[in-house]
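Chemist: here is a sequence together with a model predicted from it:
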Amino acid sequence: MAKSKKVLITGASSGIGKQLAIDYAKNGWSVLGCGQNKERLLALSEENGNITTVNFDVTDNQDVQQMLSALDEIPDLIILNAGTCEYIEHGHVDVALFRRVYEVNIFGLLNCIEALQSSFNENTHLVIIGSTASYLPLPRAEAYGSSKAAIAYIANTLAIDLENKGVTVSLVSPGFVKTPLTDKNDFAMPMLMSPEFASEKIRNGIEAKKKEIHFPLKFSLFLKFIALLPLRLQLATVKRMTGKTA
């Protein structure tokens, strides 16, 4: 008998995580959707019979450990998607803002990995959602971009350190996706994508077991190219792209 297809997704109550949960469920997967918003999770499970939900706050290590350890089975496919975004203004460092972003994006990710790692085996595929914002220094993104840069480093080093256990680690770096987070942005977002498009790209990349999944391709490759330039040219290019003056 073929093994049933199961996936655990954090940040499943909105945005990319919600779309992934819906799409995997439509394709016959058993989805374990995790998130902090009870009402949204309840609506998600009521609308999709293949989705069950678990409510916890990724920033609360004890809560994460308690809820995930109580599960009967941890799926082989784990998508750690929960995240947040806040911007600083005019280079004015706000430590509380940085802490809020890091608590969700970095330590929330690590809390989940710590709680799940005892179940890792040769069939485990760990998918970590980062961002193309990690490629370059971008205006106002000191907190968000640095958190995503840390995530990229964590994902890529885990790919090395977990290889002997047979664990596959994939880093996903999307461009701008229309979600409740990006709806708050007050600047132009080049090549803005729908959650449906992002979900398809991520699911296809996971199916192919790609170590790196980045999209839209023209946008991400352009940013990767700029990142190869000397820092002086990188900064000059970013200023020109974003309309920033010296």
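Modeler: Done, it's in.

Chemist: make it CA atoms for all contacts and neighbour counts henceforth
Modeler: Fine.

Chemist: contacting residues for the residue positioned nearest the centre of the chain?
Modeler: Most central in the chain under CA atoms, centre = their mean is residue 129, positioned 2.3 Å from the mean C-alpha point. By CA atoms under 8 Å, 6 or more residues apart in numbering, the contact set of residue 129 is 79, 80, 81, 171, 172, 173.

Chemist: cutoff 6 Å now
Modeler: Neighbour list for residue 129: 81, 172 [criterion: CA atoms under 6 Å, 6 or more residues apart in numbering].

Chemist: in this protein, where's the longest helix?
Modeler: Longest helix in the chain by number of residues (criterion: DSSP state H): helix 142-161.

Chemist: follow-up on the earlier one: pLDDT score assigned to the residue nearest to the centre of the chain?
Modeler: As predicted, residue 129 sits at a pLDDT of 97.

Chemist: ok, then the element right after the longest helix of the chain?
Modeler: Tracing the chain past helix 142-161, the next element assigned as helix or strand by DSSP states H and E is strand 168-174.

Chemist: so which elements touch that following strand?
Modeler: Packing partners of strand 168-174 (3 or more CA pairs under 6 Å, 6 or more residues apart in numbering; DSSP states H and E): strand 125-129, strand 212-215.

Chemist: tell me which other helices or strands the shortest one touches.
Modeler: Looking back up the chat, that one is strand 212-215. Of the remaining helices and strands, those touching strand 212-215 by 3+ CA pairs under 6 Å, 6+ apart are strand 168-174.

Chemist: tell me the strands beside the strand it packs on, with direction?
Modeler: strand 125-129 (parallel), strand 212-215 (parallel) (DSSP bridges).
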